[in-house]
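Student: below is the sequence, then the predicted model.
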Amino acid sequence: MPSRRDFLFTSAAVPLMGGLLPIAARAQQMPELARILCGFPPGGTSDAISRRIAEKLRGNYAGNVLVENRPGAGGQIAVTALRDSPANGSVMLLTPSSMLSLYPYVYRSLPYKPMEDVKPVSLTCFFDHAFGVGPAVPESVRTVRDFIDWAKANRDKANYGSPGAGSAPHLIGNVLAKETGVDLRHVAYRGSAPGIQDLLGGQISAMSSPLGDYLPHVRGGRLRILATSGAQPSKLVQGVQTYKQQGFNIDIREWYGVFMPAQASADVIRRANTAIQQALAQPDLAASMAEFGMEVQGSTPERLVELLRRDSEDWGRIVKQIGFTPES
């Protein structure tokens with residue numbers, strides 16, 4: 001599988017026009033209320049990040065910024081809702097990249113056109129995925145190889161959950177199953193939070209999900225992470241090897257971006273981008289997002305367009321190489 005490339009973009013070239021406008025002009029531009037659509041339920045990483053960014057945008061981008069959860073279909077419902085929203089800057093979407101870059105290759109059809117129905121505003125962060133186990137799996141299982149051996153001996157318990165069918169975590173589990181020849185039953189959830197709860201309760205054996213979903217429970221000793229998906233070991237979980245280090249052909253790092261409806265004007269996009277860059281530059285936001293496994297990084301709209309296109313090309317090659325289909 002090809003390596004996934006990180007794109008580190010600087011937003012230094014984005015003009016902070018808000019600071020150059022008279023107070024009265026800024027007040028006219030600032031909407032009273034703005035919404036950030038989140039494609040996953042409250043309690044998960046996507047929801048937490050959305051709420052932290054919303055907090056930083058209040059009083060800067062809009063008088064009030066609320067998070068509206070639109071869970072379902074692995075994030076597709078939120079993307080569709082954005083497509084049908086007003087393009088005046090009052091609605092934006094914060095989403096993992098998979099909904100736009102990966103889904104065209106793993107779903108027979110989508111209710112939206114990723115490259116046509118949304119307009120990129122800014123990158124916000126990069127993150128790794130992780131493979132974790134809970135009380136349904138013996139304490140002796142400490143690596144992915146251990147889990148595969150255990151799954152072979154306990155085929156009735158050989159399962160894993162993910163935040164949604166066709167998501168990057170689901171695809172990672174599919175790669176594991178194909179490379180090892182083990183029939184790992186996939187359990188699709190409407191977001192990470194309900195899957196993590198079932199993992200904690202022993203209803204499922206393992207979970208493939210963004211790294212940040214596990215961190216509170218790992219620190220409390222309730223869950224164990226067996227691998228992370230990036231090229232380098234994560235600094236957030238000491239002693240955990242990557243999939244690559246354990247001999248698996250997986251090197252995937254995902255990202256979150258902010259998008260608006262395709263009809264949004266250049267001025268609307270520019271004003272939102274400026275406010276987001278100001279929010280991401282605040283040290284306390286970067287620190288709080290690190291608690292969820294996120295590496296903060298902003299971008300210009302143009303750079304995010306480039307990242308999305310390259311990411312989509314990479315996923316197309318990966319899906320073709322492993323022979324993934326909607327029935328996998």
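Tutor: Arrived safely, thanks for sending.
Student: counting neighbours, what do you get for residue 191?
Tutor: 27 (other C-beta atoms under 10 Å). Any C-beta I mention is one placed from the backbone N, CA and C, and that applies to glycine too.
Student: ok now do it, which residues does it touch?
Tutor: 39-41, 43-44, 46-47, 71, 163-164 (C-beta atoms under 8 Å, 6 or more residues apart in numbering).
Student: so which strand or helix has the residue nearest to it when sequence neighbours are not counted?
Tutor: Nearest residue to residue 191 in three dimensions, chain neighbours excluded: residue 40, at 3.6 Å (C-beta to C-beta, 6 or more residues apart in numbering). Using DSSP states H and E, residue 40 maps to neither a helix nor a strand.
Student: kindly report the same for residue 171.
Tutor: Residue 171 belongs to helix 168-180, assigned by DSSP H and E.
Student: can you give the distance of that helix from its chain's centre?
Tutor: Going by C-alpha atoms, centre = their mean, to the nearest Å, the spacing between the C-alpha centre of helix 168-180 and its chain's C-alpha centre is 17 Å.
Student: buried sites along it?
Tutor: 168-177, 179-180 (16 or more other C-beta atoms under 10 Å).
Student: who's residue 125 bridged to?
Tutor: Beta-bridge partners for residue 125, by DSSP bridges, are residue 256, residue 296.
Student: now do residue 187
Tutor: Under the criterion used (DSSP bridges), residue 187 bridges to residue 161.
Student: can you tell me which residues contact it?
Tutor: 159-162, 195, 198, 204.
Student: which of those lies closest to residue 263?
Tutor: residue 162 (33.0 Å; C-beta to C-beta).
Student: from what I can see the closest one touches residue 204, true?
Tutor: No: if you go by C-beta atoms under 8 Å, residue 162 and residue 204 don't touch, sitting 10.1 Å apart.
Student: quick one: the strands in the stretch 101-250 of the chain, in order.
Tutor: Counting by DSSP state E, counting those that start in this stretch, the stretch 101-250 of the chain has strands at residues 118-133, 159-162, 185-188, 206-210, 224-228.
Student: what pLDDT, on average, does the longest one get?
Tutor: Computed over strand 118-133, the mean pLDDT rounds to 97.
Student: in the longest helix seen in the chain, what counts as buried?
Tutor: Secondary structure of the chain read by DSSP state H shows that its longest helix is helix 301-322. The neighbour-count check on helix 301-322 (16+ other C-beta under 10 Å) flags 301, 303-304, 307-308, 311-312, 314-315, 318-319, 322 as buried.
Student: show me what that helix is packed against.
Tutor: For helix 301-322, the packing partners by 3 or more C-beta pairs under 8 Å, 6 or more residues apart in numbering; DSSP states H and E come out as helix 98-101, helix 103-106, strand 118-133, helix 168-180, strand 253-261, helix 266-280.
Student: tell me the contacts of residue 150?
Tutor: With the criterion set at C-beta under 8 Å, 6+ apart, residue 150 makes contact with 137-138, 141.
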